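> One predicted model, sequence on top.
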Amino acid sequence: MKKTQRVMVWFLPIIVLGGLFYPLLGYLVIAMMIVLLMLSFFKKRYWCWNLCPRGAFLDGVMSKTSLKRKTPKVFAKQSFRWSVLLIFTSIVLYRLVNTGGNLLAIGAVFVSLCLITTIIAVMMAIFIKPRAWCSICPMGTLQDKIAKART
């Protein structure tokens, strides 16, 4: 595990577990999303392989329990990746509208987003390979698009 990953890996349990008791930790998710998207203008998917807390967890922990199977080809299809992005974005937007502007509820939306995607990532890591989630990660899809738009 890289030095940066050893630091960043701690953000995952802080947000996922701590956020259940202190929903304002969800704002860390928003901050990370902004940073990773800005960084992708200059460094493509640098975030994914060096700074992503979930990626660090998948590399450091889930690599020990994974069946290490080949990633399904459908995950590489742009239509599938964009569908995943659209589904998650729609759910988040729907939930944000229903918060009524409540700051705790907004934070909770992002904590639950992190929790749900982490559960999916862990299941994929066990049954496919450690970073199978990364092939369909909505933020990775956006980073790819930004990086390609720059070139």
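Thanks, I have it. Numbers count the residues shown, from 1 in each chain.

> Can you give me the buried ones in stretch 109-116?
Neighbour-count burial for stretch 109-116 flags 109-115 (criterion: 16 or more other C-beta atoms under 10 Å). All C-beta atoms are positioned from the backbone trio N, CA, C, and that covers glycine.

> Helix, strand or coil: sort out the nearest residue to Lys129 once chain neighbours are set aside for me.
Computed as C-beta to C-beta, 6 or more residues apart in numbering, the closest residue to Lys129 that is not its neighbour in sequence is Lys68, at 5.1 Å. Here Lys68 is coil, with the state taken from DSSP: H, G, I helix; E, B strand; the rest coil.

> Over to the one 3 residues further on?
Taking three-state DSSP as the rule, one finds Thr71 in the coil state.

> what about it, how many neighbours?
16 (other C-beta atoms under 10 Å).

> That one contacts Ala132, doesn't it?
Yes - the criterion here is C-beta atoms under 8 Å, and Thr71 meets it with Ala132 at 5.3 Å.

> Please report the distance of Ile14 from Leu24.
Ile14 sits 12 Å away from Leu24, going by C-beta to C-beta, to the nearest Å.

> cool, Arg6 as well?
Arg6 is 25 Å from Leu24, where distance means C-beta to C-beta.

> Have a look at the two and say which one is more surrounded.
Leu24 (15 against 11).

> Poorly predicted segments of this structure, please.
151 (pLDDT under 70).

> same for the top helix by length along it, what does it pack against?
Longest helix of the chain, by residue count under DSSP state H: helix 103-127. Counting contacts by 3 or more C-beta pairs under 8 Å, 6 or more residues apart in numbering; DSSP states H and E, helix 103-127 packs against helix 19-21, helix 26-43, helix 53-60, helix 78-97.

> so which of these comes closest to Ala147?
Among the helices and strands packed on helix 103-127, helix 26-43 comes nearest to Ala147, with 5.5 Å by C-beta to C-beta.

> Show me the contact partners of that closest one.
The contact list for helix 26-43 (C-beta atoms under 8 Å, 6 or more residues apart in numbering) reads 11, 14-15, 19, 46-48, 51-53, 106-114, 139, 142-143, 146-147, 150.

> what does stretch 141-151 give?
With C-beta under 8 Å, 6+ apart as the criterion, stretch 141-151 contacts 36-37, 40-41, 44-45, 47-48, 81-82, 84-85.
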